[in-house]
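*Asks:* no FASTA, just this:
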């Protein structure tokens, strides 16, 4: 199994002194981040899709083998709610494809108010190029059905395994040969404790994926950096 462990985003001012030395300017934060972690989840694309030029610049500023996952625009997931996905997906991929060999999975994080809509999900997944990995993070309990699982399996899409406050937010479906994990918030403040980290390492290892993308989304105070560092030593 190849483990790719990182954080959700990298542009956090309170990471100074945790990941970024005080003298390093913000314009060099990505380079500093990529010197330590092999992957990052670009979650700013959720709020505003970066330009193709921005994705190309990120590709050029990171070392060989670096992987950037991309959180899909909220226009697709939260405003359109997966309806008429063709144009939003085309626009997203038109920009993100500039990452070229450094493009990791696309994450579709669905709004917690969106109840299961299998037909919409299937239509959306069909819009992505066949060589692009897509992870789906539903957040309403109605999605946990055989029909939804079968769609993910048929499309080769991974169910995102999410955790909040030390509790898994989804069934442990293995719907692709690779996996995607998002750790949002531990029980002790935002940070995950040693027991929780070891438990997640065990879960991922038991899943038997070829590639495991693991992102810590508990950014306040640098908790994500500390947790990602420790997690990587446990893999």
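*Replies:* That came through fine. Just so it is clear, the structure is predicted and the values come from calculations on it, not from any experiment.

*Asks:* Just name the shakiest helix or strand of this protein by mean pLDDT.
*Replies:* strand 167-168 (a mean of 91; mean pLDDT, DSSP states H and E).

*Asks:* chain center to the very next helix or strand once past that strand, what's the gap?
*Replies:* Along the chain past strand 167-168, the next helix or strand (assigned with DSSP states H and E) turns out to be strand 178-185. Centroid separation between strand 178-185 and its chain, computed with CA atoms, centre = their mean, to the nearest Å, is 7 Å.

*Asks:* Please apply the same query to stretch 119-135.
*Replies:* The answer for stretch 119-135 is 16 Å, by CA atoms, centre = their mean.

*Asks:* thought residue 153 was touching residue 159?
*Replies:* No: assessed by CB atoms under 8 Å, residue 153 is found out of contact with residue 159, at 9.6 Å. All C-beta atoms are positioned from the backbone trio N, CA, C, and that covers glycine.

*Asks:* Show me the common contact partners of those two, please.
*Replies:* Common contacts of residue 153 and residue 159 (CB atoms under 8 Å, 6 or more residues apart in numbering): residue 175.

*Asks:* Compare the two (neighbour count), which wins?
*Replies:* Using other CB atoms under 10 Å as the criterion, residue 153 and residue 159 rank with residue 159 on top: 24 against 14.

*Asks:* Let me know the secondary structure of the more buried one.
*Replies:* strand (DSSP: H, G, I helix; E, B strand; the rest coil).

*Asks:* Make sure it is actually in contact with residue 143.
*Replies:* No: with contacts counted by CB under 8 Å, residue 159 stays clear of residue 143, the gap being 9.0 Å.

*Asks:* Quick check: buried residues in stretch 219-233?
*Replies:* Residues 219, 222-232 are the ones in stretch 219-233 that count as buried (16 or more other CB atoms under 10 Å).

*Asks:* no no, stretch 110-130
*Replies:* Residues 110, 114, 116-117, 120-125, 127-128 are the ones in stretch 110-130 that count as buried (16+ other CB under 10 Å).

*Asks:* quick one: which of these sit in strands?
*Replies:* The strands, defined by DSSP state E, take in nothing from those.
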